[in-house]
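Asker: I would like to see how this sequence folds:
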Amino acid sequence: MCRHVPSLLSVCVALLFLVACGGSANSTGDAGPDSSAPGDGSVGHAYEALCSQPELYCERLYACATPERLAEDQLAFGHEDEASCVMRQDMFIGEICRQLAISIDAGRLGVDMPAATACAEYMEALSCERFVHDPPSAHPLCAASPFVTPLVPPGGECAFDAECREAGSVCTASEGALGVCRDAPGEGEPCAGDRCAAGLECQDGVCVTPPGADCGSVFDCAEGEYCDQPGNDFRVDADPEIRGYCVPQRGLDEPCDDLHACEGELYCDNTNGYDDEGYRNPGHCKARRPAGEPCDEPADCVSLECDDASRLCG
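Answerer: Numbers count the residues shown, from 1 in each chain. The predicted structure is shown next:
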């Protein structure tokens, strides 16, 4: 269940993103466009009780977790003791569970309550150490968490994407208002929030085809491509934190601003010198020079040797 189990945290994080897409979950506990709390005795209320048990989780975490596991959880959720752990778990995981419960009672999500109950009972019967540290594969009864299925058809009212029945659909809900399930926007269409159909990305509010695969270095790209990163790539070529796109390498005499930008045996020449901060200026793709030809740097030469005195390729 999403209530607290670390092995299923990835599921909860994904659901948190989906809920947030509908503008319905935030740190104040406001439920956004669909804020009716599940009533006592409702299916949603019963599901929420299984899904979110912050007191039990935090008690076992502080009793049994290794220092490394505890530090990881403290960093992820921002707590420093058991009391603040309960508060933060309820704020984050508890809010996800409440939103799912609201959707269940509204008929936008179906739920397998017998399976959810079996998972919760299984987890509660575990030893403290196993409860905190077991990986997902150790909990076959919980593998289907959070045990909900989307029920909203295209055009039906929704609060977040996970309620939409058709694969690839998005919910158009905005802050304070429900939306409808619709196909994810295609090429050239306005983004739904910041979302587009698979293979597209949202740029300036419009869904477009990205120029290539996401990359942080030339090693992320296929043969014949290089990683085109933003800005002057001679500055950031070795920084994988600056993301770019894999694009085809350039041909002879084409402009280049990256050491890996040129195809085959071509290279990006340095005839335009350096800027005021000592970084190479963009050049052009050129063939390397044979021995005896003039050179400015080793990269100019087939041999990768440029004599300092004669300025000729070796």
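Asker: can you list contacts of stretch 260-274?
Answerer: The set of residues external to stretch 260-274 that reach it, using Cβ atoms under 8 Å, 6 or more residues apart in numbering, is 218, 224, 226-228, 233, 237, 248-252, 254, 256-259, 280-288, 296-297, 299-300. All C-beta spots, glycine's among them, are computed from the backbone N, C-alpha and C.
Asker: how far does it sit from the chain's center?
Answerer: What separates the centre of stretch 260-274 from the centre of its chain is 34 Å, taken as Cα atoms, centre = their mean, to the nearest Å.
Asker: who does the helix or strand hosting Phe131 touch, helix- and strand-wise?
Answerer: With elements delineated by DSSP states H and E, Phe131 resides in helix 128-133, which encompasses its position. Helices and strands touching helix 128-133, by 3 or more Cβ pairs under 8 Å, 6 or more residues apart in numbering; DSSP states H and E, are helix 54-64.
Asker: so which bits of the helix it packs on are buried?
Answerer: For helix 54-64, the buried set under the neighbour-count rule, 16 or more other Cβ atoms under 10 Å, comprises 54, 56-58, 60-62, 64.
Asker: contacts for it, please.
Answerer: Around helix 54-64, the neighbours that count as contacts under Cβ under 8 Å, 6+ apart are 3-5, 69-70, 73, 79, 81-82, 85-87, 89-90, 93-94, 124, 128-129, 131-133.
Asker: count of residues packed around the closest residue to Cys285 other than its chain neighbours?
Answerer: Residue nearest to Cys285 in three dimensions, not counting chain neighbours: Cys262, with 3.8 Å by Cβ to Cβ, 6 or more residues apart in numbering. Per other Cβ atoms under 10 Å, the neighbour tally for Cys262 reads 23.
Asker: for Cys262, give its distance to Ala125.
Answerer: Relative to Ala125, Cys262 is positioned 63 Å away (criterion: Cβ to Cβ, to the nearest Å).
Asker: same check, this time on Cys51
Answerer: Plainly put, Cys51 is 17 Å away from Ala125 if you go by Cβ to Cβ.
Asker: and the two? Which one has more around it.
Answerer: Comparing Cys51 with Ala125 by other Cβ under 10 Å, the one with more neighbours is Cys51, at 28 against 9.
Asker: could you report the pLDDT at Cys171?
Answerer: Confidence per residue is given as pLDDT, and for Cys171 that number is 92.
Asker: what about it, how many residues close to it?
Answerer: Counted by other Cβ under 10 Å, the residues lying close to Cys171 total 30.
Asker: test my guess that it contacts Asp183.
Answerer: No: because the distance of 11.6 Å does not satisfy Cβ atoms under 8 Å, Cys171 is recorded as not touching Asp183.
Asker: just the C-alphas of stretch 113-133, formatted as PDB.
Answerer: Taking C-alpha atoms only, stretch 113-133 is exported to PDB below (Å, rounded to 0.1, in the frame of the first residue of the first chain):
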ATOM      1  CA  MET A 113     -10.500  -4.000  -1.400                       C
ATOM      2  CA  PRO A 114      -9.800  -7.700  -0.600                       C
ATOM      3  CA  ALA A 115      -6.400  -7.500  -2.200                       C
ATOM      4  CA  ALA A 116      -5.600  -4.200  -0.400                       C
ATOM      5  CA  THR A 117      -6.700  -5.700   2.900                       C
ATOM      6  CA  ALA A 118      -4.500  -8.800   2.300                       C
ATOM      7  CA  CYS A 119      -1.500  -6.600   1.600                       C
ATOM      8  CA  ALA A 120      -2.000  -4.400   4.700                       C
ATOM      9  CA  GLU A 121      -2.500  -7.500   7.000                       C
ATOM     10  CA  TYR A 122       0.600  -9.100   5.500                       C
ATOM     11  CA  MET A 123       2.700  -6.000   6.000                       C
ATOM     12  CA  GLU A 124       1.500  -5.500   9.600                       C
ATOM     13  CA  ALA A 125       2.500  -9.100  10.500                       C
ATOM     14  CA  LEU A 126       6.100  -8.600   9.300                       C
ATOM     15  CA  SER A 127       8.900  -8.200  11.800                       C
ATOM     16  CA  CYS A 128       9.900  -4.600  12.400                       C
ATOM     17  CA  GLU A 129      13.200  -5.000  10.500                       C
ATOM     18  CA  ARG A 130      11.500  -6.700   7.500                       C
ATOM     19  CA  PHE A 131       8.800  -4.100   7.500                       C
ATOM     20  CA  VAL A 132      11.300  -1.300   7.000                       C
ATOM     21  CA  HIS A 133      13.900  -2.900   4.800                       C
END
